[in-house]
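1. what's the 3D shape of this:
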Amino acid sequence: MLDARNFWYLRHGETDWNRQGLSQGRTDIALNETGKKQAHVAGKILQDRAESIMPIVRIVSSPLGRALTTAQVVASYISSSDRRVEVTVDPDLQEVCFGEQEGCPMGDWYDSWIAGDFTPKGAETFSELMQRAVAAVNRATEGEGAVLIVAHGALFRALRAAMKLPANVRLPNAVPLVVEAPLNEAGSWTLQHLE
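-> Below you'll find the model as predicted:
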(Lines give C-alpha, C1' and ligand atoms only; values in the text may rest on other atoms or scores of the structure.)
Protein backbone atom coordinates (compact mmCIF):
# COMPACT_ATOMS: atom_id res chain seq x y z
CA MET A 1 0.00 0.00 0.00
CA LEU A 2 1.45 3.34 -1.07
CA ASP A 3 1.46 5.78 1.84
CA ALA A 4 -0.67 8.87 1.16
CA ARG A 5 2.13 11.42 1.02
CA ASN A 6 2.92 13.93 -1.73
CA PHE A 7 6.24 13.69 -3.57
CA TRP A 8 8.08 14.66 -6.75
CA TYR A 9 9.02 12.06 -9.37
CA LEU A 10 11.50 12.39 -12.21
CA ARG A 11 12.37 9.76 -14.76
CA HIS A 12 16.01 9.90 -15.85
CA GLY A 13 17.09 11.71 -19.02
CA GLU A 14 17.30 9.98 -22.38
CA THR A 15 19.81 7.24 -23.20
CA ASP A 16 20.77 5.82 -26.59
CA TRP A 17 18.68 2.74 -25.79
CA ASN A 18 15.64 4.97 -25.09
CA ARG A 19 16.17 6.64 -28.46
CA GLN A 20 16.41 3.24 -30.17
CA GLY A 21 13.32 1.84 -28.41
CA LEU A 22 15.24 -0.90 -26.56
CA SER A 23 14.36 -2.36 -23.16
CA GLN A 24 17.00 -1.24 -20.65
CA GLY A 25 15.96 -2.75 -17.37
CA ARG A 26 18.96 -3.16 -15.07
CA THR A 27 21.49 -2.68 -17.87
CA ASP A 28 23.38 0.43 -16.79
CA ILE A 29 23.18 2.64 -19.88
CA ALA A 30 24.52 6.21 -19.49
CA LEU A 31 22.68 9.37 -20.46
CA ASN A 32 23.32 10.50 -24.01
CA GLU A 33 23.87 14.18 -24.88
CA THR A 34 20.12 14.76 -25.17
CA GLY A 35 19.62 13.14 -21.77
CA LYS A 36 22.25 15.37 -20.17
CA LYS A 37 20.53 18.45 -21.62
CA GLN A 38 17.17 17.17 -20.39
CA ALA A 39 18.57 16.78 -16.86
CA HIS A 40 19.70 20.42 -16.91
CA VAL A 41 16.30 21.58 -18.19
CA ALA A 42 14.56 19.59 -15.42
CA GLY A 43 16.92 21.12 -12.87
CA LYS A 44 16.12 24.63 -14.09
CA ILE A 45 12.36 23.95 -14.02
CA LEU A 46 12.61 22.68 -10.44
CA GLN A 47 14.86 25.58 -9.45
CA ASP A 48 12.26 28.03 -10.77
CA ARG A 49 9.05 26.33 -9.66
CA ALA A 50 9.47 23.73 -6.90
CA GLU A 51 9.77 26.24 -4.08
CA SER A 52 6.29 27.66 -4.75
CA ILE A 53 4.66 24.25 -5.30
CA MET A 54 6.32 21.84 -2.87
CA PRO A 55 9.89 22.67 -1.75
CA ILE A 56 12.26 19.72 -2.24
CA VAL A 57 14.31 18.94 0.86
CA ARG A 58 16.04 15.75 -0.33
CA ILE A 59 16.52 13.57 -3.39
CA VAL A 60 16.43 9.76 -3.39
CA SER A 61 17.70 8.11 -6.57
CA SER A 62 18.04 4.76 -8.22
CA PRO A 63 21.67 3.60 -8.18
CA LEU A 64 21.74 3.15 -11.97
CA GLY A 65 23.94 5.77 -13.62
CA ARG A 66 21.27 7.29 -15.86
CA ALA A 67 19.11 8.12 -12.83
CA LEU A 68 21.92 9.04 -10.45
CA THR A 69 23.50 11.46 -12.95
CA THR A 70 20.09 13.07 -13.53
CA ALA A 71 19.61 13.40 -9.75
CA GLN A 72 23.03 14.97 -9.26
CA VAL A 73 22.44 17.52 -12.03
CA VAL A 74 19.07 18.48 -10.54
CA ALA A 75 20.59 18.77 -7.05
CA SER A 76 23.11 21.28 -8.39
CA TYR A 77 20.21 23.51 -9.49
CA ILE A 78 18.00 23.31 -6.41
CA SER A 79 20.81 23.57 -3.86
CA SER A 80 21.85 27.00 -2.66
CA SER A 81 24.56 28.52 -0.50
CA ASP A 82 22.10 28.31 2.40
CA ARG A 83 20.81 24.80 1.80
CA ARG A 84 22.46 21.83 0.14
CA VAL A 85 19.99 19.25 -1.18
CA GLU A 86 21.63 15.85 -0.74
CA VAL A 87 21.22 12.89 -3.08
CA THR A 88 20.94 9.46 -1.47
CA VAL A 89 20.52 6.12 -3.22
CA ASP A 90 18.00 3.36 -2.60
CA PRO A 91 18.78 0.11 -4.48
CA ASP A 92 15.06 -0.72 -4.55
CA LEU A 93 14.49 2.24 -6.90
CA GLN A 94 16.50 0.59 -9.67
CA GLU A 95 14.64 -0.34 -12.82
CA VAL A 96 12.88 -3.66 -13.22
CA CYS A 97 15.01 -6.60 -14.28
CA PHE A 98 13.74 -7.46 -17.76
CA GLY A 99 15.83 -10.61 -18.02
CA GLU A 100 16.35 -11.81 -21.59
CA GLN A 101 14.38 -8.81 -22.94
CA GLU A 102 17.12 -6.33 -21.96
CA GLY A 103 18.68 -4.84 -25.07
CA CYS A 104 15.78 -6.05 -27.24
CA PRO A 105 13.18 -3.83 -28.91
CA MET A 106 10.21 -2.95 -26.75
CA GLY A 107 7.51 -5.43 -27.70
CA ASP A 108 3.78 -5.86 -27.33
CA TRP A 109 4.23 -8.01 -24.23
CA TYR A 110 4.01 -5.13 -21.74
CA ASP A 111 0.25 -5.39 -21.12
CA SER A 112 0.56 -9.14 -20.49
CA TRP A 113 3.50 -8.54 -18.14
CA ILE A 114 1.54 -5.90 -16.17
CA ALA A 115 -1.47 -8.23 -15.99
CA GLY A 116 0.74 -11.02 -14.62
CA ASP A 117 0.11 -13.31 -17.58
CA PHE A 118 3.67 -13.21 -18.96
CA THR A 119 7.13 -12.60 -17.53
CA PRO A 120 10.23 -12.68 -19.74
CA LYS A 121 12.75 -15.38 -18.83
CA GLY A 122 14.96 -14.21 -15.96
CA ALA A 123 12.82 -11.09 -15.35
CA GLU A 124 11.02 -9.72 -12.34
CA THR A 125 7.24 -10.04 -12.27
CA PHE A 126 5.21 -6.82 -12.32
CA SER A 127 3.88 -7.72 -8.87
CA GLU A 128 7.44 -8.04 -7.48
CA LEU A 129 8.36 -4.71 -9.02
CA MET A 130 5.30 -3.03 -7.51
CA GLN A 131 6.05 -4.35 -4.01
CA ARG A 132 9.66 -3.18 -4.24
CA ALA A 133 8.75 0.24 -5.70
CA VAL A 134 6.06 0.93 -3.10
CA ALA A 135 8.39 0.00 -0.24
CA ALA A 136 11.14 2.27 -1.61
CA VAL A 137 8.81 5.24 -2.09
CA ASN A 138 7.30 4.77 1.36
CA ARG A 139 10.81 4.87 2.86
CA ALA A 140 11.76 7.90 0.77
CA THR A 141 8.69 9.94 1.75
CA GLU A 142 9.06 9.37 5.49
CA GLY A 143 10.09 12.42 7.47
CA GLU A 144 9.56 16.14 7.05
CA GLY A 145 9.36 17.92 3.72
CA ALA A 146 8.99 16.82 0.13
CA VAL A 147 11.28 14.33 -1.55
CA LEU A 148 12.22 14.10 -5.23
CA ILE A 149 12.48 10.50 -6.39
CA VAL A 150 14.64 10.03 -9.50
CA ALA A 151 14.16 6.63 -11.09
CA HIS A 152 12.71 4.84 -14.11
CA GLY A 153 9.75 4.37 -16.44
CA ALA A 154 8.66 0.81 -15.66
CA LEU A 155 9.10 1.49 -11.96
CA PHE A 156 6.68 4.40 -12.30
CA ARG A 157 4.20 2.13 -14.10
CA ALA A 158 4.24 -0.02 -10.96
CA LEU A 159 3.64 3.06 -8.81
CA ARG A 160 0.72 4.05 -11.07
CA ALA A 161 -0.78 0.60 -10.51
CA ALA A 162 -0.36 1.05 -6.73
CA MET A 163 -2.19 4.40 -7.08
CA LYS A 164 -5.06 2.60 -8.90
CA LEU A 165 -4.26 4.54 -12.10
CA PRO A 166 -3.85 2.95 -15.55
CA ALA A 167 -0.39 1.36 -15.38
CA ASN A 168 0.81 1.11 -18.96
CA VAL A 169 1.34 4.83 -19.57
CA ARG A 170 4.73 5.97 -20.81
CA LEU A 171 6.42 8.60 -18.64
CA PRO A 172 8.52 11.09 -20.62
CA ASN A 173 12.23 11.41 -19.90
CA ALA A 174 13.24 14.09 -17.40
CA VAL A 175 9.89 15.88 -17.05
CA PRO A 176 9.27 16.75 -13.37
CA LEU A 177 6.07 15.30 -12.00
CA VAL A 178 4.14 16.45 -8.92
CA VAL A 179 2.49 13.42 -7.31
CA GLU A 180 -0.32 14.36 -4.93
CA ALA A 181 -1.92 11.86 -2.59
CA PRO A 182 -5.69 11.60 -2.22
CA LEU A 183 -7.18 13.70 0.58
CA ASN A 184 -9.27 10.76 1.80
CA GLU A 185 -9.91 7.08 1.06
CA ALA A 186 -12.46 7.91 -1.64
CA GLY A 187 -10.09 10.30 -3.42
CA SER A 188 -7.63 9.70 -6.25
CA TRP A 189 -3.93 10.32 -6.73
CA THR A 190 -3.22 13.23 -9.09
CA LEU A 191 -0.20 13.73 -11.34
CA GLN A 192 0.96 17.06 -12.78
CA HIS A 193 3.80 17.36 -15.31
CA LEU A 194 5.89 20.54 -15.23
CA GLU A 195 7.27 21.47 -18.64
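
2. looking only at pLDDT, what's the mean for the lengthiest helix in the chain?
-> Secondary structure of the chain per DSSP state H: the longest helix is helix 33-53. On average, the pLDDT along helix 33-53 is 97.

3. How about stretch 171-188?
-> The pLDDT scores in stretch 171-188 average 94.

4. What's the end-to-end length of that stretch?
-> Across stretch 171-188, the terminal residues are separated by 19 Å (CA to CA, to the nearest Å).

5. where does the chain have its least confident helix or strand?
-> Across the helices and strands of the chain, mean pLDDT, DSSP states H and E gives its lowest value to helix 110-115, namely a mean of 92.

6. Next, the buried residues of that helix.
-> For helix 110-115, the neighbour count (16 or more other CB atoms under 10 Å) marks 110, 113-114 as buried. All C-beta spots, glycine's among them, are computed from the backbone N, C-alpha and C.

7. what do you get for stretch 177-195?
-> Within stretch 177-195, the residues scored as buried using 16+ other CB under 10 Å are 177-181, 189, 191, 194.

8. quick one on the thing from earlier: by contact count, what packs against the least confident helix or strand of the chain?
-> Contacts defined by 3 or more CB pairs under 8 Å, 6 or more residues apart in numbering; DSSP states H and E place helix 110-115 against helix 126-140.

9. Contacts made by the helix it packs on with the rest, please.
-> Residues from elsewhere that reach helix 126-140 (CB atoms under 8 Å, 6 or more residues apart in numbering): 1-3, 7, 60, 90, 92-93, 96, 113-116, 119, 124, 147, 149, 154-155, 157-159, 161-162, 167.

10. distance between it and the chain's centre?
-> Relative to its parent chain, helix 126-140 has a centroid offset of 11 Å by CA atoms, centre = their mean, to the nearest Å.

11. just stretch 135-147 next, same as before
-> 14 Å.

12. What's the end-to-end length of that stretch?
-> End-to-end span of stretch 135-147 (CA to CA): 15 Å.

13. Now a ChimeraX select for only the buried ones of the contacts of helix 126-140.
-> Of those, the buried ones can be selected in ChimeraX as follows, counting by 16+ other CB under 10 Å:
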select :2,7,60,90,92,93,96,113,114,119,124,147,149,154,155,157,158,159,161,162,167
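
14. Check what contacts the helix or strand where residue 191 lies and list those residues.
-> Assessed by DSSP states H and E, residue 191 sits inside strand 190-193. Contact with strand 190-193 is made by 165, 172, 175-180, as judged by CB under 8 Å, 6+ apart.

15. go with 7 Å
-> Strand 190-193 is touched from outside by 175, 177-180, with contacts defined as CB atoms under 7 Å, 6 or more residues apart in numbering.
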